[in-house]
Every structure is written in C-alpha cells, then in structure tokens.
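Undergrad: Provided below are the primary sequence and the corresponding predicted coordinates.
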Amino acid sequence: MDLYPALLKIVRILLSEDDDVRTPELLLGLVIEATGADRGFIVVREGGSYEQRFAVRFDRATISDEERRFSRGLVRQAIETRQIVRLSREADAPRFALIESLEASGASSVLVVPLAHDGEVYGTVYVEYGTRGAGDEALRFVAEFADLAGLFLKRAIEREALRRRTQSLERDLFARHDFQGIVAQDPRMIALLKTIAQVADADATVLIRGETGTGKELVARALHVNSRRRGKPCVTLHTSALPGTVLESELFGHVRGAFTGADRDRVGRVASAQGGTLFLDEVAEIAPDVQAKLLRFLQFGEIQRVGSDRTERVDVRVIAATHQDLPALVEAGRFRRDLYFRLKVIELEIPPLRARAGDIPLLVDHFLRASWKRPGEQPRWTSRAERALREHAYPGNVRELAHAVERACVLATGPVLDVDLLPPDLTASAAAGPAAAGP
C-alpha cells in the first residue's frame, strides 16, 4: 500500500491558502480514504473532559449520534502517555470487549494518535477500522498526518471554539433583548445589535445613519423597547415631508390662534413622547429655523408651543436618523454644526444589504414565513429565483427585498416560486436555465 501520494496531497492542502479547501474534515477524510478506515474523529481535551470536534465517515455521509461514540479511556491514555494507542479485537480481545463504544460500532481495530504543538498534547486523531484493520502502514501514516497537521488542527479547533462561543453569545443576546424582528448573522450587524443592547438604557441622543431601506426605524424601536423607557410612548416624526412652519408645530405643538386654522390647542410630538422616546426620521431635512429650536430643546429639555411664551419642561430621549451625509451638509452650511454634534453623542451605522449579503437567505426565509398566507402549502423557490434573490444589488436594501418576497407570495398560484414572480429589476440577475425547484 503506497501512501506517499496521499501524504503529498495532505501536505499540498496544508500549504494552500484557500480556507474553503483546507478544512479539518477534508484532511481527516483523506486519512480515512488512504488507510481504509471506517470513520475518524478529532478529539480535544477541554479541562477535565474530552470532546469530539470533527467527525468523518468513509463515505462522507452524515455521522449519526451512535456512530460518534468513542472511547474516552483510550483518548486519555494517548494524551497522558504521549504514545500512540493501537487496539485490535483479535490481539487485545479481553480489553477490547470491555470498551462499549468499540463493541457497539463493530470495529475490528482502533488507532488513537496524540496531537501536539509546542510540546503540548491537546487532543488526538481517533480512527476506527472495520474488517481491514489498522496495520503498521496505517499507523505510520496517521502518525505522520498528526505530526504534519498538529499546528493547523490546533488553530482550526481554536477557531471552532471561538465560533461556538460567539454563537452562544449571539443566542444569549437575542434571548435577552427584543430587536424588533431584526434578522442578522453578519458580524457587522451583530456588532450593531450589541451596541444597541449596550446603549439602550442611556439617555444620550443617538444618530442612526444608513441608506434608505436599511431599517433605521427598527433600530430606533429596538433602542426604545430595550430601555427603561419601554413602558412610555415611542413617537415617530418623518421630518422630510413637512415644511418648516408645519414641522415646528408638529414638533412642539401650538396654542389656539397661533396661525390661521389653529382653532384649538395642540400637543406636539415632543410632549406626546413625555417619559419616552422621540424618533426623528430624515433629520437632515429640517429647516434651519427649526434646527435652532430643536437644539435648544436638546440642550435644556424645554419647549415652547408655537404662539406661546410659556416654557414647558419635558423628559424625552431623542433618536435621529438620516440617509444623507451630515458632515458634508455641515460643511456646506445646510445643517448646524452644534446640532450635529448634539445629535451624534452615540452614532450607529447600519450597513447596506449588499455589504451583508450573507444575511440575504435568512431575510428571504423570514419574509417568506411572514408573507405566505396559504396553510397546508410549503413554499419553495426555484434555483433561478434563489439566484436572482441572492445576486441582486438591492439599492432599496432590506425594504426592497421584503417587498420582492411579498410580491412573489401574492402572485404565486402554487407553492413553487419562480423568478417570474419577482420584480423585473431582480429578474435581470437570474441566470438562464431550467426552473428546477431548489432544495
């Protein structure tokens, strides 16, 4: 049995810089293939226990929980003695029969080879053999593999441990906070959600920046519902649709007779949000004269209704949002510098959807579940539709994606959702080909 070509292939993979190719599972699969093993594991020592980290079958099929069983006693022996452990059903019958996992798997022999780096034994390569058995050549090959791959596997195990800890922290983050339906796994979005959780209970003003459709209002609501103000109102005002005189009245209210048509006193949005949160969307559109009055309110917590000289004290947290470049507007003299710095005590940036493309499948699934209204039918996308959804640039961001999925659900005549149900600007992303349903 010439194992040199297989060993050379492993060396080439270890030297590769392509992390999609250089995986522990692929390397372990080559060991199993070359030596005729049935299954193999990488087992690591964690504190006082031994945990399986990577597992591969000879046919690359999914390993069942029953097949994942291994002898912790043999692993402990290999790690503590720093010696290879080889056990055979035929040669070591009395001891072999006492090892429950080996009896259950039907293995004829097992190799347990220590994994070490810088003198520290951190785990083992654990390989089970069926009828072929673990001969001397197999032993030498697995030992060579453990020696060559020791550093790589240690780093892979550390990355896997970090990934598991990160996932655990993310699950805890979502369990402890209400993010108003924000769906994300992209690292930048997770960092944003962590910041939301961290600053939600503060009273400092927040400036949310992001392109149209990225979910700025959802972020504002997440800040509110995770704060001590959650039981009080969260009032939203879209400032871009209002001229200056109307906006001032909407913000601060007015008294009867303040202007033509003011036939009664009116409470403004600021006072309506007493004790809670005021969300000012598209704050860059506020007229200069209203900017000055907004600044005074932020500085002193006081307002005056239009047409009144009476000052009212208010306790309101302000969250503002814009899709525009506020620093550029400040430099152009179109937005007050002092107001800008007053608003951006805490600044949150929402990445565009094209920069978090890994979240698209999650978002598609989320919107599909929300939009599908036909009980008993399980919707599924064709491969062309999936590709169109995945590859579109989304200038309208998450909102555009949500509307595209909703449109497909409304127009669908059956559970198979093809590319023709998507908006025309998405269909340009679809590749020509058969409309086979996706998995």
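TA: It's in.
Undergrad: And the contacts of the host helix or strand of residue 194?
TA: Of the helices and strands defined by DSSP states H and E, residue 194 is found in helix 187-199. Helix 187-199 is contacted by residues 170, 173-174, 176-177, 179, 182, 184, 206, 219, 222-223, 226, 346, 348-351, 355-356, 359 when judged by C-beta atoms under 8 Å, 6 or more residues apart in numbering. Where C-beta positions appear, they are placed from N, C-alpha and C, glycine not excepted.
Undergrad: what about 7 Å?
TA: Helix 187-199 is contacted by residues 170, 173, 177, 179, 182, 184, 219, 222-223, 226, 346, 348, 350-351, 356, 359 when judged by C-beta atoms under 7 Å, 6 or more residues apart in numbering.
Undergrad: ditto for stretch 40-52
TA: 24, 28, 31-32, 53-56, 68, 70, 72, 75-76, 79, 122-127, 153, 157.
Undergrad: for residue 401, what are its contacts?
TA: 353, 360, 363, 367, 394.
Undergrad: swap the cut-off to 10 Å and go again
TA: Listed by C-beta atoms under 10 Å, 6 or more residues apart in numbering, the contact partners of residue 401 are 213, 353, 359, 360, 363, 364, 366, 367, 389, 392, 394, 426.
Undergrad: same deal with residue 216?
TA: Listed by C-beta under 10 Å, 6+ apart, the contact set of residue 216 reads 208-210, 279, 281-282, 319-323, 348, 350.
Undergrad: now residue 336
TA: Per C-beta under 10 Å, 6+ apart, neighbours of residue 336: 286, 288, 291, 292, 294, 295, 329, 330, 342, 343.
Undergrad: Take those and keep only those in helices.
TA: Judged by DSSP state H, the contacts of residue 336 include 288, 291, 292, 294, 295, 329, 330, 342, 343 as members of helices.
Undergrad: Mind checking which of those are buried?
TA: The neighbour count (16 or more other C-beta atoms under 10 Å) marks 291, 294, 295, 329, 330, 342, 343 as buried among the ones in helices among the contacts of residue 336.
Undergrad: Name all residues that make contact with the fourth one.
TA: The contact partners of residue 329, by C-beta under 10 Å, 6+ apart, come to 284, 322, 335, 336, 337, 340.
Undergrad: Same check on the first one?
TA: For residue 291, the contact set (C-beta under 10 Å, 6+ apart) comprises 244, 283, 334, 335, 336, 338, 339, 340.
Undergrad: For residue 409, state which of those is nearest.
TA: Minimum distance to residue 409 across the contacts of residue 291 is 34.3 Å, recorded for residue 283 (C-beta to C-beta).
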